[in-house]
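[1] have a look; sequence and predicted model below, questions after that.
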Amino acid sequence: GQNIDQPTEMTATEGAIVQINCTYQTSGFNGLFWYQQHAGEAPTFLSYNVLDGLEEKGRFSSFLSRSKGYSYLLLKELQMKDSASYLCAVRDRSGGSYIPTFGRGTSLIVHP
Amino acid sequence: EAQVTQNPRYLITVTGKKLTVTCSQNMNHEYMSWYRQDPGLGLRQIYYSMNVEVTDKGDVPEGYKVSRKEKRNFPLILESPSPNQTSLYFCASVAGVTGELFFGEGSRLTVL
């Protein structure tokens, strides 16, 4: 299986930039996902990386380095509504399942 | 509209009283999955299904059953619920190309 590690909690200021890191160990890497989850709601898809490099989508970007087992989610121009949990999930083809495994999530608090 | 529908959204029950949480998707996805989410533990996979009549255990299957008689439905069955199954449950279906998960709105279950 996978061992996925991300910080438990982070705080940042409105308008700033924050980087949420995720490290993983897997024998058959087959893609990394980031999801956003507001309290009491379902997770929603943010990004998908399967090749090394940076994927940019508006204020959010996601980076992957397969050789280092490392990804980060970069949030720019933070807004109060960005306060949420951010979930890193990794798919491993060696397990036979097409479905990713989730880390424990990073709770981001954005303050004025 | 593409969606995953879970019912009930909220349920309070007592120990030992069998219950079923239904899940239905309208996207013709082959893969579906059930998760439970507990504070500090993140999303943990209970069972998943790769297609009709094909199911397999996730990380925390004890105390749960599933069935997949038709592609669109993937119910979660608690034969004899116990208080440690008090949790927030999410059903998800998986897009075939990217592996993106589409989540239901969640079912908050309390077992007294």
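    Looks like it came in fine.
[2] contacts only, for residue 94.
    Let's take chain A. Each residue near residue A:94 by Cβ atoms under 8 Å, 6 or more residues apart in numbering or on different chains is listed here: A:26, A:27, A:28. (Each C-beta comes from the backbone N, C-alpha and C, glycine too.)
[3] can you look at chain B instead?
    Contacts of residue B:94 (Cβ under 8 Å, 6+ apart): A:98, A:99, B:29, B:30, B:31, B:32, B:33, B:100, B:101, B:102.
[4] also residue A:90?
    For residue A:90, the contact set (Cβ under 8 Å, 6+ apart) comprises A:2, A:4, A:24, A:26, A:29, A:31, A:32, A:33, A:100, A:101, A:103.
[5] out of the contacts of residue B:94, which are inside helices?
    Secondary structure of the contacts of residue B:94 is defined by DSSP state H; no position falls in helices.
[6] name only those of the contacts of residue A:94 that count as buried.
    Neighbour-count burial (16 or more other Cβ atoms under 10 Å in any protein chain shown) applied to those gives residue A:26.
[7] output the contacts of residue B:94 as TSV; include the columns pLDDT, neighbour count and distance to residue B:48.
    Written out in TSV, the entries for those read as follows (pLDDT from 0 to 100; neighbours: other Cβ atoms under 10 Å in any protein chain shown; distance: Cβ to Cβ, whole Å):
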residue	pLDDT	neighbour count	distance to residue B:48
A:98	75	18	9
A:99	83	24	5
B:29	94	20	12
B:30	93	16	11
B:31	93	20	7
B:32	95	28	7
B:33	95	26	4
B:100	90	17	15
B:101	93	28	11
B:102	95	20	14
